[in-house]
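**Student:** coordinates only, no sequence provided:
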């Protein structure tokens, strides 16, 4: 059984007991435990079920590379799936549940898949579910989706908070083992601004576990001294529980700090560090590789380094009898550590014929039996290891002997953690002697200056002895004093990609490569046999390395099996691509503070508060909120809109038009410039007059429209659409700065400087006259004119323009006066029947008049000529943006869809977005189409459905009836008519 | 996440503070130009692996446009310069020549 030893455990505080629960059971651990170590101390070896075959699983590691020990943590708003037990610090009250089983962890019906594993090889789903074709979408996929997936997606809203943090440094060191500490010390002593990150809660990495001496003292003491020295340096910052998640161009790094995961404490849960570093040293260590033998996934088969970690760091023994199996010397440390802790080690199996070096001798001296050239044929046991069958590594797996044991500590060698080096393009090289891919220092990720901005230090560089690690780290951080270190002499590692070397299919189909995605040696061999020769293809076919652990344990073993199956060398096969983040980070951390109300800043007009108090039903328009309509007590939205339209047409309506874009264009060349920006002539506009203008892109398509007013000889004010102000201003600036930079023109976006109110309806002039202060008569201020003056004592600029077809003034005032004028208008307007109206009434009234709306009648493929706006396109001008494009054969052509009005025969409303069908079907068997609706409303004025649409050759087909099928059946017939439904002579606006 | 130095305001700007504006030094073809000239101006772009000249805007800074010379394969930045030129200035071309001997871009080298 696994148990807490009476002594030992560097990290735990036995005086501080913590209660937690697992699958509803109350258990206890110590402060300093991880969830994994605490479960093991409670003899809870079974921790979850595997993804595909629902095999019983337990921890394989003690660190971030853990594939199996995944848990659901917390409840409701703090629920989190797929938390790795090895990285989850224990705290009082922690509640964890195991995943991927039904009905319980101990008894799981899905485990039947394991019995069927012979029939579920790599690519099974692709082959099995391809016929008949329609079954995929409706039967197979829903079923597979239901049975797939680890953990559960949280349903409740995340109640935690998160934050972003920006940091800058000369040198960023990722990894707080001895290499990282030494690099930070070296750079810190040289006066550099240093930031040192460590993903776990403890400094020092593996050296203190491995019984190393540095500068003549135990590694743990050296680590303590190093941390103390770093703390004394004002130019060095250090952070525990902070992972270097990803490296990006030009020294940008994301750090992921877990602030309160290890407690039930208050404050943000995670912090995303957005770091700009002058240089980055990745001291990220190495990950031990599993060995591929039959039954290597049975609970109790654990990496040798992890078995050692549990004993030394947490005082936990995983079992009473541990068999060690290895192809290198490092695993002997585990046997020695266990023996010293009083745990029995009946046997060390060394796959190398010649065996190990000094450490092997030390193990033998402790009385441990060592067998060279031997390996494991098969692990015995189901939910727990009960023994191992031993075989010759060079053979095919004939059992020589069976040994009873409850733990197997395996080591297949070490792979440098090269992820951060590789994220931004650092290349790797295969070291056949050390049996590892390691960074090629000549081919690092290139920074802005053309040199590598990342260096690796220590085991991440591929050096494994402490002396080499310290020397490498010192050099990479700029050079300095290198501490001395004692390392035992190590015999050479030998590659072992399958155990035994000639394993039968029977054994290979039980030898796991990827524990999380249930990929076996036989699956990768099958992929190779079926032609998936590229490592990237084999990965996707077998799902090797595609789980949440991203193949930290499985990648190298998998590609080695693949290269053997293909008969090619490992470096030729290469690795898959390493992508950030190093381990999964929370979506909350990525979002940071940008949630809820502060997700996006809201733009508010000066009258926003009034709207809020007066029943505004809001509509988002860009970042603005505009009232869609103003609801009176007991009214529906439709009723309110209809009332607003009628009231404006019959009496008086006020619209908050402040969001309208307003751009000042000024300078000696302003007229020439506007003649280029607009399709019509603006240079000959007289001061005091307004003109409606169209703007096209250089591709000829209509992009914005609005009324331009000439203020004085060299000043124009350009109104744009509400959503268009910013990008039209940028569009103007782009041409001024990058094409016509010698033209003397200034532009300024003054949209927010002014509040603007449309005063609309037959009583519009009366209310303004009542306010008094300026002459607003038809003579003094004719249609399409503007004048400066005062109303109710407020300085205003009044434009005689109309988007509704009624008598209309738009009154602009400095933003700070907007609310005052709005209030004064309402007070004065009461006797004239004044009411505010919203954007929907605005839209309906413009549609009744056949005025186009950018974004409704246009979609980036429509030219002004399609909309019957030839009158607004100058024939006199030699050039304007879009002129050349509109001369292309397919644009200068009547055979296009063009704007018409559509009058339904039965008075109903054509559905939004409906298409007019034509005879016949296209190549896909769909009805041919001859037009589509662009705007469609119920007109309260005419009491019938009206629409505008683009119809093939539309203007030449007046009176024809076209048919619009409805979604879900039925159709609407509509007659092609003029788009101007209301007051075609314009008598109402021009009074 | 590039960092470019804006030659107008002199600030080092993060990519998130900038807007990319595509290929630099296009010649505008307007009314009267041939179909192939206009097509080339509007649609055809270089797609080099290596030396490239681009337009950028200091959108969350001074708002001004500028040019950058960059290696698309490594993201090495050879320099940034004024938007108000029709081809890369000699000093930028000298830097590129020193770091990428034999480079070509359109008809420049």
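**Tutor:** That came in fine, so what should we check first? Keep in mind that this is a model prediction, so the values were computed, not measured. Residues are numbered from 1 along each chain as shown, chains lettered A, B, ... in the order given.

**Student:** and the closest residue in space to residue A:778 that isn't next to it in sequence, how far from chain B?
**Tutor:** Leaving aside its chain neighbours, residue A:778 sits nearest to residue A:991 (6.4 Å; criterion: C-beta to C-beta, 6 or more residues apart in numbering or on different chains). Using the backbone N, CA and C atoms, a C-beta is placed for each residue, glycine as well. Distance from residue A:991 to chain B, counting by C-beta to the nearest C-beta, to the nearest Å: 41 Å.

**Student:** in three-state terms, label residue A:991 for me.
**Tutor:** coil (DSSP: H, G, I helix; E, B strand; the rest coil).

**Student:** my guess is it contacts residue A:807, does it?
**Tutor:** Yes: counting by C-beta atoms under 8 Å, residue A:807 is a contact partner of residue A:991 at 5.4 Å.

**Student:** where exactly do the helices run in the stretch 451-600 of chain A?
**Tutor:** Remark: helices assigned in the stretch 451-600 of chain A by DSSP state H, counting those that start in this stretch are A:466-476, A:505-508, A:521-529, A:535-542, A:555-566, A:570-573, A:587-591.

**Student:** alongside chain A, which residues does chain B contribute?
**Tutor:** B:1-3, B:14-15, B:21, B:28-33, B:35, B:38, B:42, B:55, B:57, B:59, B:63-65, B:71, B:74-77, B:83-84, B:99 (C-beta under 8 Å from any C-beta of the partner chain).

**Student:** and those, which are buried?
**Tutor:** The neighbour-count test (16 or more other C-beta atoms under 10 Å in any protein chain shown) applied to those identifies B:1-3, B:14-15, B:21, B:28-30, B:33, B:38, B:42, B:55, B:57, B:59, B:64-65, B:71, B:74-77, B:83 as buried.

**Student:** rewinding a little: the helices of the stretch 451-600 of chain A: which one's closest to residue A:889?
**Tutor:** Of all those, helix A:535-542 sits nearest to residue A:889, with 44.9 Å by C-beta to C-beta.

**Student:** which helices and strands sit right next to that closest one?
**Tutor:** Where contact means 3 or more C-beta pairs under 8 Å, 6 or more residues apart in numbering or on different chains; DSSP states H and E, helix A:535-542 is packed against helix A:521-529, helix A:555-566.

**Student:** could the ones you listed go into TSV alongside distance to chain B, mean neighbour count and mean pLDDT?
**Tutor:** Shown next, in TSV, are these (distance: least, C-beta to the nearest C-beta, whole Å; neighbours: other C-beta atoms under 10 Å in any protein chain shown; pLDDT from 0 to 100):
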stretch	distance to chain B	mean neighbour count	mean pLDDT
helix A:521-529	31	23	94
helix A:555-566	26	24	94
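
**Student:** excluding sequence neighbours, find me the nearest residue to residue A:507.
**Tutor:** Nearest non-adjacent residue to residue A:507 (C-beta to C-beta, 6+ apart): residue A:294, at 4.2 Å.

**Student:** would you mind measuring from residue A:468 to residue A:600?
**Tutor:** For residue A:468, the distance to residue A:600 equals 52 Å [C-beta to C-beta, to the nearest Å].

**Student:** neighbour count for these two, which is higher?
**Tutor:** residue A:468 (17 against 9; other C-beta atoms under 10 Å in any protein chain shown).

**Student:** OK, contacts around that one?
**Tutor:** Taking C-beta atoms under 8 Å, 6 or more residues apart in numbering or on different chains, we find residue A:468 in contact with no residue.

**Student:** show the pLDDT at it.
**Tutor:** As predicted, residue A:468 sits at a pLDDT of 97.

**Student:** same thing with residue B:85?
**Tutor:** 97.

**Student:** let's verify it: helix, strand, or coil?
**Tutor:** With three-state DSSP as the criterion, residue B:85 reads coil.

**Student:** distance check, the closest residue to it other than its chain neighbours against residue B:4.
**Tutor:** Once flanking residues are discounted, residue B:85 sits nearest to residue B:67: 7.3 Å by C-beta to C-beta, 6+ apart. Applying C-beta to C-beta, the value for residue B:67 to residue B:4 is 10 Å.

**Student:** anything in contact with each of these two?
**Tutor:** B:56, B:80.

**Student:** pull the contacting residues for the nearest residue to residue A:573 once chain neighbours are set aside.
**Tutor:** Spatial nearest neighbour of residue A:573, chain neighbours left out: residue A:563 (4.1 Å); criterion: C-beta to C-beta, 6+ apart. Contacts for residue A:563 (C-beta under 8 Å, 6+ apart) come out as A:569, A:570, A:572, A:573.

**Student:** same question for residue A:395.
**Tutor:** With C-beta under 8 Å, 6+ apart, residue A:395 has these contacts: A:500, A:501, A:502.

**Student:** can you select the buried ones from those in ChimeraX?
**Tutor:** To isolate the buried ones among those in ChimeraX, judged by 16+ other C-beta under 10 Å, type:
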select /A:500,501
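
**Student:** still on that earlier bit, who's more crowded, residue A:991 and residue A:807?
**Tutor:** Higher neighbour count among residue A:991 and residue A:807: residue A:807, with 22 against 12, using other C-beta under 10 Å.

**Student:** now do the contacts for that one.
**Tutor:** Per C-beta under 8 Å, 6+ apart, neighbours of residue A:807: A:760, A:761, A:762, A:764, A:765, A:988, A:989, A:991.

**Student:** the third one looks like it's in a strand, true?
**Tutor:** This means residue A:762. No: Residue A:762 sits outside any strand when classified using three-state DSSP, being coil.

**Student:** what mean pLDDT does stretch A:156-174 have?
**Tutor:** 95.
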